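**Student:** Give the three-dimensional model of this entry:
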Amino acid sequence: MFSLTYVSSATQLFSDQDLVQLLQQCDEKNTRLGITGMLLYKDGNFIQVLEGSDENVKLVYRSILNDQRHHGVICLLEENIAERQFPGWSMGFRNLRDVDIKEVPAYSDFLNISLTSSILQSNPSRAQKLLSIFRLKIR
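**Tutor:** Numbering: from 1, shown residues only. So this is what the prediction gives:
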């Protein structure tokens, strides 16, 4: 199992509708490729953890590098892992006005969970630590 974590900036701010559309596109593609992980977005900035086979993770990452919606893509961490840290693919974002967003498959409430939550405190992986740092920096 292979894990890759990167950060990037959006070339334009994403609207709520853009984020929902991105969530649905990523969920479909990642399911097909056996990719799990988490994508977080806040104020034009992304951080994403991708997990899966080395080949498929790098395939998705290359497509992100070529995606015109991203710039300033920086790979933070690449590592082999014994097991998935994010067994279901999900995406978290804040400040959506659409109250039905929680009904969209693959949406994560990660950015709304308290940093002192037992979920985040119990033996976090390096990827989870990076995601938590991202949460702190965007508030």
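**Student:** can you map out the helices along the protein?
**Tutor:** 16-33, 54-65, 118-121, 126-138 (DSSP state H).
**Student:** What mean pLDDT does the shortest one get?
**Tutor:** Averaged over helix 118-121, pLDDT sits at 51.
**Student:** again, but for the longest one
**Tutor:** Helix 16-33 shows an average pLDDT of 85 in the prediction.
**Student:** Stretch 56-76 now?
**Tutor:** The model assigns stretch 56-76 a mean pLDDT of 93.
**Student:** now the angle from the longest strand that the chain contains to helix 54-65?
**Tutor:** Scanning the chain for the strand with the most residues, using DSSP state E, yields strand 70-80. If you take axes from the mean of the first three to the mean of the last three C-alpha atoms, to 10 degrees, strand 70-80 sits at 170 degrees to helix 54-65.
**Student:** What would strand 70-80 look like as PDB? C-alpha coordinates only.
**Tutor:** What follows is strand 70-80 as a C-alpha-only set of coordinates in PDB (Å, rounded to 0.1, in the frame of the first residue of the first chain):
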ATOM      1  CA  HIS A  70      -4.500  23.600  -9.300                       C
ATOM      2  CA  HIS A  71      -1.200  25.500  -9.100                       C
ATOM      3  CA  GLY A  72       1.600  25.400  -6.600                       C
ATOM      4  CA  VAL A  73       1.300  21.600  -6.100                       C
ATOM      5  CA  ILE A  74       3.800  20.400  -3.500                       C
ATOM      6  CA  CYS A  75       4.300  16.800  -2.500                       C
ATOM      7  CA  LEU A  76       4.700  16.700   1.200                       C
ATOM      8  CA  LEU A  77       4.900  13.000   2.000                       C
ATOM      9  CA  GLU A  78       5.300   9.700   0.000                       C
ATOM     10  CA  GLU A  79       5.500   6.500   2.000                       C
ATOM     11  CA  ASN A  80       4.700   2.800   1.900                       C
END
